[in-house]
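**Q** Need coordinates for the following:
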Amino acid sequence: MGEVVRHICGISGGKDSSALAVYLRGEVPEMEYFFCDTGAELPETYEYLTRLEAILGKPIARLNASRGFDHWFEVFRGALPSPQMRWCTKNMKIKPIEEWIGDAPAVSYVAIRADESNRKGYVSTKPNIKTLFPFIEDGVDHDGVMRILQDAGIGLPEYYEWRTRSGCYFCFYQRKAEWIGLSERHPELFDRAVAIEQKVLQDAGVDGDADFGDQAMRGRQYTWSGGETLLQLRSRRDQILERHEASLARSNKSRTNVPLVEALADALDEDDDTLPCTVCAL
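**A** Residues are numbered from 1 along each chain as shown. Okay, the predicted model is just below:
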């Protein structure tokens, strides 16, 4: 007998990976589901995972990094993670995945849709892991994902009411309006993000009221959101939400009967960063 091949499906807490888990539940009975828990996830994500386990009829393994955010924050000398230095993704998600898989042969199922086949997700470079893309192979697009979730009776995570992606509450890919949403929906989490940011500024001897455009260009991430601190961002609440609502209106005008989650994804203004985390946002 040959070595047993593991079949694994990562769940981020987002709609695509959750739909893929549901899609494969009857096709691959031996499937193992996993979630990389950074300890900094939104409460809505944990609640959704519990509901998803009931639909799947089996547990979702929680993979915790052997070292948490505080440890890696110190290792990187108090530098916040950024698009140029995604140490959070590498150390708190990819490493736990590959340690959990080990050296056994495995097939990893990745939730990239047919309408985004040029997008990249987590693809291991380890030779024992083979990657498959069922949605691309079967032509499942955004509408197909929504139907899968609706037919399963699980719908979308509640954070899609104000946020476009899964991921840590302090994710630097968040849009300005999403930071405002965090401050109003989960003020205690917003305050934690502020505290981390203020420590970075204090340790670096940087004035919290400074203009961060030039400093950010030098490669050091002083703030979670580009060009300003979270406190500065929150002081612009009305302006940010006004811009966001205008962008949302333009999105709705260009396409009628669009679901909220899709309209939010398209509602970009000059403050927004469209790049998602390659591991966290499926």
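**Q** Count the neighbours of the closest residue to residue 45 other than its chain neighbours for me.
**A** For residue 45, ignoring the flanking residues on the chain, the nearest one in space by CB to CB, 6 or more residues apart in numbering is residue 13 at 3.9 Å. The way it works is simple: take the backbone N, C-alpha and C, and place the C-beta from them, glycine included. Counted with other CB atoms under 10 Å, the neighbours of residue 13 add up to 27.
**Q** for the one 5 residues further on, same thing?
**A** By the criterion of other CB under 10 Å, residue 18 has 31 neighbours.
**Q** Distance of it relative to residue 9?
**A** 10 Å (CB to CB, to the nearest Å).
**Q** and what of residue 144?
**A** According to CB to CB, residue 144 and residue 9 sit 17 Å apart.
**Q** So these two - more neighbours on which side?
**A** residue 9 (24 against 17).
**Q** How far does the helix or strand that contains the more buried one sit from its chain's centre?
**A** Assigned by DSSP states H and E, residue 9 belongs to strand 6-10. In terms of CA atoms, centre = their mean, to the nearest Å, the centre of strand 6-10 is found 19 Å from the chain centre.
**Q** For it, name the packing helices and strands.
**A** Secondary-structure packing of strand 6-10 (3 or more CB pairs under 8 Å, 6 or more residues apart in numbering; DSSP states H and E): helix 15-24, strand 32-37, helix 95-101, strand 106-109.
**Q** what's the average pLDDT for the longest one?
**A** Yep, that's helix 15-24 we're talking about. What helix 15-24 shows for mean pLDDT is 95.
**Q** cool, and the last one?
**A** With pLDDT averaged residue by residue, strand 106-109 scores 94.
**Q** Return it as CSV; C-alpha atoms alone will do.
**A** Below are the C-alpha coordinates for strand 106-109, written out as CSV (Å, rounded to 0.1, in the frame of the first residue of the first chain):
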residue,chain,number,x,y,z
ALA,A,106,-1.4,16.2,0.3
VAL,A,107,-3.8,17.7,-2.2
SER,A,108,-4.7,21.3,-1.4
TYR,A,109,-8.0,22.7,-2.7
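**Q** contact partners of it?
**A** 5-10, 20, 24, 28, 31, 122-124, 128-134 (CB atoms under 8 Å, 6 or more residues apart in numbering).
**Q** Just the buried subset of the residues you listed, please.
**A** 6-10, 20, 24, 28, 31, 122, 129, 133-134 (16 or more other CB atoms under 10 Å).
**Q** Just the closest of the residues you listed to residue 187, please.
**A** residue 10 (30.4 Å; CB to CB).
**Q** what bits of the stretch 101-250 of the chain have low per-residue confidence?
**A** Across the stretch 101-250 of the chain, the ranges flagged by pLDDT under 70 are 117, 119-124, 213-220.
**Q** try 90 this time
**A** Confidence mapping of the stretch 101-250 of the chain against pLDDT under 90 gives the ranges 104, 116-127, 129, 164-167, 173, 203-222, 226-227, 246-250.
**Q** Now do the contacts for the residue nearest to residue 45.
**A** So residue 13 contacts 35, 41-42, 45, 48-49, 157, 166-167 (CB under 8 Å, 6+ apart).
**Q** And residue 158, by the same measure?
**A** Contacts of residue 158 (CB under 8 Å, 6+ apart): 44, 47-48.
**Q** Looking at the helices and strands packed on strand 6-10, which is nearest to residue 190?
**A** strand 32-37 (20.4 Å).
**Q** State the next helix or strand along the chain beyond the closest one.
**A** Following strand 32-37 in sequence, per DSSP H and E, is helix 43-56.
**Q** coming back round to it: please identify which of the buried ones among the contacts of strand 106-109 is nearest to residue 81.
**A** For the buried ones among the contacts of strand 106-109, the nearest to residue 81 is residue 122 (16.5 Å; CB to CB).
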